[in-house]
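> Turn this into a model:
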Amino acid sequence: METVVKLQGTSIWQGDKQVLREVNFEVSKAEFVYLIGKTGSGKSSLLRTLYADLPFVEGQGEVVGYALQNLKRSQIPYLRRKVGIVFQDFQLFTDRNIADNLYFVMQATGWQNKAKILKRMHFVLMQVGLESAQYKMPHQLSGGEQQRIAIARALLNDPEIIFADEPTGNLDPTIANEILDLFVKINQGGTAVLMATHNHGFLRKHPARVLYCDNFELKDLPKEQVLRKI
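Okay, here's the model as predicted:
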């Protein structure tokens, strides 16, 4: 199976503090993987390392074909065009409407043909069920709708994998479950998903592989251990 993420002998650092050591794991194409662990256990730092927001310090790593240990600063935008990133706090521009939010990202990542931009924008908004929201401002949308827009933004460049960092942390349980369903649907379409979450109910609702950050280690949890955690 083709891999989209592979780390070998990797240490994860947050500034001068080591948060994970001897990390070894792979994520296959179109795989769905949860990343769990207590606050401060290294989940966000691991994701930030994978999309080159934190320096790659030790070991070997590959994300969507880019070797992290050899990654030049000039290559980072190209890596990020092949991945999608979804944050807990949406990170939408509040001073522009949804279409302009998406248009900005597409221009910044190399899209030039306006007809193709509009077509892709409409398609990703349709994927998240918000094709009618393009001319609304972020404050006119609910938290769940804003997160759907953030997911649409992550889909613009047809990524090989989405890194989702606590994407439902600010949402009520019903909306959180709807967002999980959306990620599952996207994954079933062939996009890999690596989702950090504190919501262990997701593991019951949509069972999938689980990586667990604990005591400086990243562990692939066997199914019976996952069941004990939920």
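
> For the rest of this, base every contact and every neighbour count on C-alpha atoms.
Will do.

> show me where this protein has strands.
Assigned by DSSP state E, the chain shows strands spanning 3-14, 17-28, 32-37, 58-63, 66-67, 83-86, 161-165, 192-196, 209-214, 217-220.

> Go ahead and name everything in contact with the biggest helix by length in the chain.
Scanning the chain for the longest helix, with DSSP state H as the assignment, gives helix 173-188. Residues from elsewhere that reach helix 173-188, judged by Cα atoms under 8 Å, 6 or more residues apart in numbering: 30-32, 128, 144, 147-148, 168-169, 193, 202.

> What of stretch 204-212?
Counting by Cα under 8 Å, 6+ apart, 32-37, 218-222, 226, 230 sit against stretch 204-212.

> residue closest to the middle of this protein?
Central residue of the chain (Cα atoms, centre = their mean): Phe163, 1.7 Å from the mean position.

> I figured it was touching Ile85, is that so?
Yes: between Phe163 and Ile85 there is a contact under Cα atoms under 8 Å: 4.9 Å.

> The longest helix of the chain versus strand 192-196: what angle between them?
150 degrees (axes from the mean of the first three to the mean of the last three Cα atoms, to 10 degrees).

> any idea of the mean pLDDT for helix 173-188?
Averaged across helix 173-188, the pLDDT comes to 96.

> and if you look at stretch 91-106?
Mean predicted confidence for stretch 91-106 is 94.

> roughly how far is it from the heart of the chain?
Centroid displacement of stretch 91-106 relative to its chain, using Cα atoms, centre = their mean, to the nearest Å, is 18 Å.

> where does the residue lying farthest from the centre of the chain land on pLDDT?
Residue farthest from the centre of the chain, counting by Cα atoms, centre = their mean, is Ala115 at 27.4 Å. We have a pLDDT of 94 for Ala115.

> quick one: the residue lying closest to Met1 once chain neighbours are set aside and Gln112, what's the gap?
Nearest residue to Met1, sequence neighbours excluded (Cα to Cα, 6 or more residues apart in numbering): Ser28, at 6.3 Å. Going from Ser28 to Gln112 by Cα to Cα, to the nearest Å gives 31 Å.

> In terms of neighbours, single out the busier of those two.
Set side by side, Ser28 and Gln112 show more neighbours around Ser28, with 17 against 11, by other Cα atoms under 10 Å.

> which ones are touching Leu7?
Leu7 touches 23-26, 59-62, counting by Cα under 8 Å, 6+ apart.

> So in terms of bridging, what pairs with it?
Leu7 has these beta-bridge partners by DSSP bridges: Phe25, Gly61.

> show me where pLDDT drops low in this protein?
223-224, 227-230 (pLDDT under 70).
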